[in-house]
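Colleague: build me a model from this:
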Amino acid sequence: MTAIDPQTLDNEARRARRFARINKADAWFRVFGLAWMTPILKAAAGDNPRAQAGEIWRLLGVPLMAIAVFLLLWGTLAPKVQTSLGAVPGPVQVWEQVGALQADAAREQQKAAAFYERQEARNAEHIANGDTDRVRDRAYTGKPTYYDQIWTSIKTVFFGFLIASIVAIPLGIAAGLSVTANAALNPLIQIFKPVSPLAWLPIVTMIVSAVYTTNDGMFSKSFLISAITVTLCSLWPTLINTALGVSSIDKDLVSVSRVLKMNTYTKITKLVLPSALPLIFTGLRLSLGVGWMVLIAAEMLAQNPGLGKFVWDEFQNGSSQSLARIMVAVFTIGIIGFLLDRVMFALQSMFTFSNNR
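Modeller: Numbers count the residues shown, from 1 in each chain. Coordinates of the predicted model:
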């Protein structure tokens, strides 16, 4: 009988624990679009480096090569296309405008800081002279920076998305649980779901302008107009998927709830929502993506603050840098859309994980 070296057993145990941690982290790498980290860690831990190298090439090398080919084609073909604003900018020109927008934002921050310094000095002088009635605290009203426009759009889309979720999820649950409610909601869904945000925008603008008569409240009119337009266009995926998820619950579970004489609240919280959660989150992810696209169009058409207005202003400006700045905004919109989807996917993974424990 051959004795097993205790040191070998200890090494094997450590190796098993290491791979268990890597496999556990893999779920989160996938959530954040970092699936290529798993084969790198496995290769570093000594798990079949040749096979892991193939996975690294598939998950990281191929996408990077595709991006490189795209940049090469873009840089080669762009100068050959002439527009009213000059040649289409290539990657270098677009990247230069990223730096220019950063410099513009830094200058605007310096102006804001100087404004508040002057205001504080002026107020201190009034207080020293006993003229407290002349003390004023005014907000800086300079040109919004590119980052201000990004933040405005993100706040608006989340506000509209939140309202859409609050409306859509209860209606979806009702439609999934009740044939009558589904029959009542279905024609409304079929009629209003295909309506373009460009059709909703004038109606929303007129209603908000008539009802919200002040611009000094918690929200500005432009913010409400954009957010409500997002709500009207983005609630349908969540409503439909919630109804589908609720109606797809195992009939045996529904029968058990009747036997146990569950009240409606308990039935929804303990049975309906946990079972329908994956489809509800699928609807939420779709709604947030739709809302982000709708918002940019609404901001452009209504000239409301945000990335859409930035794009339109640059188009109207017509300078030699305008097209490159518009392309910076296009990439920004795409990257933010990707990050919003990853945020929702992370929330879905967290909720479904806690639900399955």
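Colleague: quick check: P144 touching P305?
Modeller: Yes - applying C-beta atoms under 8 Å, one finds P144 in contact with P305, separated by 6.5 Å. To be clear about C-beta, it is placed using only N, CA and C from the backbone, and glycine gets the same treatment.
Colleague: let's verify Y140: helix, strand, or coil?
Modeller: Three-state call for Y140 (DSSP: H, G, I helix; E, B strand; the rest coil): coil.
Colleague: tell me how many other residues surround G306.
Modeller: In terms of burial, G306 registers 28 neighbours under the definition other C-beta atoms under 10 Å.
Colleague: how about V135?
Modeller: V135: 13 surrounding residues under other C-beta under 10 Å.
Colleague: now it: how far from Q119?
Modeller: Shown here: V135 relative to Q119, a distance of 10 Å by C-beta to C-beta, to the nearest Å.
Colleague: over to I280?
Modeller: Per C-beta to C-beta, I280 is found 49 Å from Q119.
Colleague: who has more neighbours, those two?
Modeller: When neighbours are counted by other C-beta under 10 Å, I280 comes out ahead of the other of I280 and Q119, with 26 against 16.
Colleague: in what helix or strand does that one lie?
Modeller: Assigned by DSSP states H and E, I280 belongs to helix 273-302.
Colleague: tell me how far the helix or strand following that helix lies from the chain's centre.
Modeller: Using DSSP H and E, the next helix or strand after helix 273-302 towards the C-terminus is helix 307-317. In terms of C-alpha atoms, centre = their mean, to the nearest Å, the centre of helix 307-317 is found 21 Å from the chain centre.
Colleague: isn't T352 right up against L277?
Modeller: Yes - under the criterion of C-beta under 8 Å, T352 makes contact with L277 at 6.0 Å.
Colleague: more neighbours: those two, which one.
Modeller: L277 (17 against 14).
Colleague: who's in contact with the more buried one?
Modeller: Taking C-beta atoms under 8 Å, 6 or more residues apart in numbering, we find L277 in contact with G245, Q348, F351, T352, N355.
Colleague: what do you get if the cut-off is 6 Å, keeping everything else the same?
Modeller: If you count contacts by C-beta atoms under 6 Å, 6 or more residues apart in numbering, L277 has none.
Colleague: how far away is it from I173?
Modeller: Distance, L277 to I173, by C-beta to C-beta: 12 Å.
Colleague: where in the chain is pLDDT low?
Modeller: 1-12, 215-217, 353-357 (pLDDT under 70).
Colleague: report the central residue of it.
Modeller: Nearest to the mean C-alpha position of the chain, counting by C-alpha atoms, centre = their mean, stands L340 at 2.3 Å.
Colleague: that one: what secondary structure?
Modeller: Under three-state DSSP, the three-state class of L340 is helix.
Colleague: for it, which non-adjacent residue is closest in space?
Modeller: Nearest residue to L340, sequence neighbours excluded (C-beta to C-beta, 6 or more residues apart in numbering): L288, at 5.4 Å.
Colleague: and the single longest helix found in the chain, which residues are buried?
Modeller: Assignment by DSSP state H gives helix 91-128 as the longest helix of the chain. With burial defined by 16 or more other C-beta atoms under 10 Å, the residues of helix 91-128 counted as buried are Q93, V94, Q97, L101, D104, E108, Q119, N123.
Colleague: that helix packs against which elements?
Modeller: helix 62-77, helix 146-177, helix 322-356 (3 or more C-beta pairs under 6 Å, 6 or more residues apart in numbering; DSSP states H and E).
Colleague: so which of these comes closest to M262?
Modeller: Proximity to M262 (C-beta to C-beta) singles out helix 146-177 among the helices and strands packed on helix 91-128, at 12.4 Å.
Colleague: quick one, the closest one and helix 91-128 angle?
Modeller: When axes from the mean of the first three to the mean of the last three C-alpha atoms, to 10 degrees is applied, the directions of helix 146-177 and helix 91-128 differ by 100 degrees.
Colleague: got the angle for helix 146-177 vs helix 273-302?
Modeller: 140 degrees.
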